Structures are given as C-alpha cells and as structure tokens.
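Visitor: Okay, sequence plus prediction incoming.
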Amino acid sequence: MDIMGPIRKSESNGHHVECVRSTDSEGKEVNLFQPASEFLPMIAEVFENLSESIKDIEGARMEDNKFCVSVHYRNVAPHDYETVHQRVTAVLKDYPCLRLTHGRKVLEVRPVIDWNKGKAVEFLLESLGLSESDDVLPIYVGDDKTDEDAFKVLKANNHGFGILVSSVPKDSDAFYSLRDPSEHLGDGIPEDIGSMEGGF
C-alpha cells in the first residue's frame, strides 16, 4: 500500500491509484503510490488503541507499518493466543472500514480496499511500461499467505515466476519453491532455472 517508484511513463493506469510526486533520500523525483492514504489517521488511532489493549500480555508486540498495523504474538505464551485475538477483534468492532487478516503468528489490521500484492505487481509492471514486455522476466519471492495474490497474478498472466519460501509443503500458486531464504537466487538467475525444485 506504499510504493515508491520512478516517474511513470504514462499518467494513466487502470488501477486509479492516486500518485503523488515526491523526492527520495537522494533528491531524485519519484512517484508515491498510496491507494489507502485516506486511512492514515484511522490506522494511527487503531495502533494506539491496540497498543493499550495488549500492553499487559507478555511477549505481544505492535508494529506500525504505516498502512497496516501488525500485532505479533510469536513470543506470547500459547495459552494467551486467544486473549490476543479477542482483544484485537474487540478494538476492531469500532472500525468497520478495517479488516483483520492472519499471517504467521501475526494479526494484521488493514483497510478494506480492493488492493493486494497481486494488484501491486500489476501496477508496478504497468507503471514501468513492462506489462507487455517480452524481454523482462518478473520474479516474486515470498513466504506469507498474502504473497499468494502476487503468485496468482504471475501465473494467470503467464508472465514471470512466483517463488514460495517454505520449509514444509504447501498448496501454492507459486511456480517454484525454496526450502529457506539461504536458497535464494542471490546475484542472478540460475543457468537452468528448470532445475530448481518445482512448486508443491
């Protein structure tokens, strides 16, 4: 929900994302793509309310991801998992424009908008003028359920490869899989990409 990229080749795009021109840390002019910017005050308020609500649960940790609030419970005692979930859902009852999603030992609060990682991949390819390019190979590497939307887009368009990072077999729309991050592509594509372990 917060994408910084080069100035687009075309000012029109099919996603109707409001783009703001800005400068990066090096003073270079860039476009900011922020489809959920109107939710920023609400997200900040929810972050404060959730922080207060879970502050007494040992091991619970909050993360402000600007357009998303994450409640991590990886270090919470298992008998407190349900307490974390109950408190988060209780706070969210006052915010019908926000939804709760589940990751790996994390609860994520995000705006209810028609936007996901798959749409972000489409937007980036389109805004960079690469969506119809035959000499570009998009590769998306991810390890979370939310990455499946990006895998689906690449698979459906038959333009690029999704790579799932998982130590256990999972159903996925990724084309390939890696057991752990140390098996990443490094500085380039393997000479025989077909020799990589296939998707599960």
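Guide: Right, received. Where do you want to start? These numbers were taken from a predicted model, which means no experiment stands behind them.

Visitor: is it true that residue 53 touches residue 89?
Guide: No: contact criterion CB atoms under 8 Å: residue 53 and residue 89 do not qualify, at 10.4 Å. Where you see a C-beta, it was placed from the backbone N, CA and C, and this is true even at glycine.

Visitor: With neighbour numbers in mind, choose between these two.
Guide: Of the pair residue 53 and residue 89, residue 53 is the one with more neighbours under other CB atoms under 10 Å, namely 18 against 11.

Visitor: Which element is encountered next along the chain beyond the strand or helix carrying that one?
Guide: Using DSSP states H and E, residue 53 maps to helix 40-54. Going down the chain from helix 40-54, the next helix or strand is strand 61-64, by DSSP H and E.

Visitor: Just the buried residues of that next one, please?
Guide: residue 62 (16 or more other CB atoms under 10 Å).

Visitor: partners of the next helix or strand after it, with directions?
Guide: Per DSSP H and E, the first helix or strand lying C-terminal to strand 61-64 is strand 69-72. Next to strand 69-72 in the sheet, as set by DSSP bridges, lie strand 61-64 (antiparallel), strand 106-111 (antiparallel).

Visitor: which helices and strands sit right next to the helix or strand following strand 69-72?
Guide: Using DSSP H and E, the helix or strand that follows strand 69-72 towards the C-terminus is helix 81-92. Here helix 81-92 touches helix 40-54, strand 98-103, strand 106-111, going by 3 or more CB pairs under 8 Å, 6 or more residues apart in numbering; DSSP states H and E.

Visitor: picking up where we left off before, now the strands paired with strand 69-72 as a markdown table including mean pLDDT?
Guide: Formatted as a markdown table, those follow (pLDDT from 0 to 100):
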| stretch | mean pLDDT |
| --- | --- |
| strand 61-64 | 96 |
| strand 106-111 | 94 |
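
Visitor: Sounds good, over and out.
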